[in-house]
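>>> Sharing a model that was predicted from the sequence below.
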Amino acid sequence: QVQLVESGGGLVQPGGSLRLSCAASGSILSIYAMGWYRQAPGKQRELVAAFTSGGSTNYADSVKGRFTISRDNAKNTVYLQMNSLKPEDTAVYYCNSRIRRATGGTTRDYWGQGTQVIVSS
């Protein structure tokens, strides 16, 4: 079994900062990609930031210069540092990872349970 567990969401005022964490655990052989998506009420889930399988990073235009994705490979953990937060950043943030399982060897995408971020004064 593979699990992604997120933490770090909460309520913050506009202009504030939050740091999200996502740790992958379980029967993991390889992690090919990790990243963050978000879904606001009434909207589709969208990419926020991600590491590709080649190691490069992708950011949504709306968060460039404000958000930074980083990772600790030894801990199978990815982080999202969010600065200069705006009300439009309010959403449920989901961690996503493409993982090859050690048991069975299958590769697929896994999702975390989501963490709520609310930016409001």
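Structure received. Residues are numbered from 1 along each chain as shown.
>>> Poorly predicted segments of the chain, please.
For the chain, no stretch is flagged by pLDDT under 70.
>>> Show me the residue sitting in the middle of it in space.
With distances taken as CA atoms, centre = their mean, the residue of the chain nearest its centroid is residue 36 (2.6 Å).
>>> did I read that right, that residue in a strand?
Yes - in this structure, residue 36 lies within a strand as judged by DSSP: H, G, I helix; E, B strand; the rest coil.
>>> That one and residue 2: what is the separation?
17 Å (CB to CB, to the nearest Å). In short, each C-beta sits where N, CA and C put it, glycine included.
>>> where does residue 16 land in three-state SS?
Secondary structure state of residue 16, per three-state DSSP, is coil.
>>> got the contact list for residue 3?
For residue 3, the contacting residues are 24, 25, 26, 110, taking CB atoms under 8 Å, 6 or more residues apart in numbering as the criterion.
>>> In what element of secondary structure is it found?
Secondary structure assigned from DSSP states H and E places residue 3 in strand 2-7.
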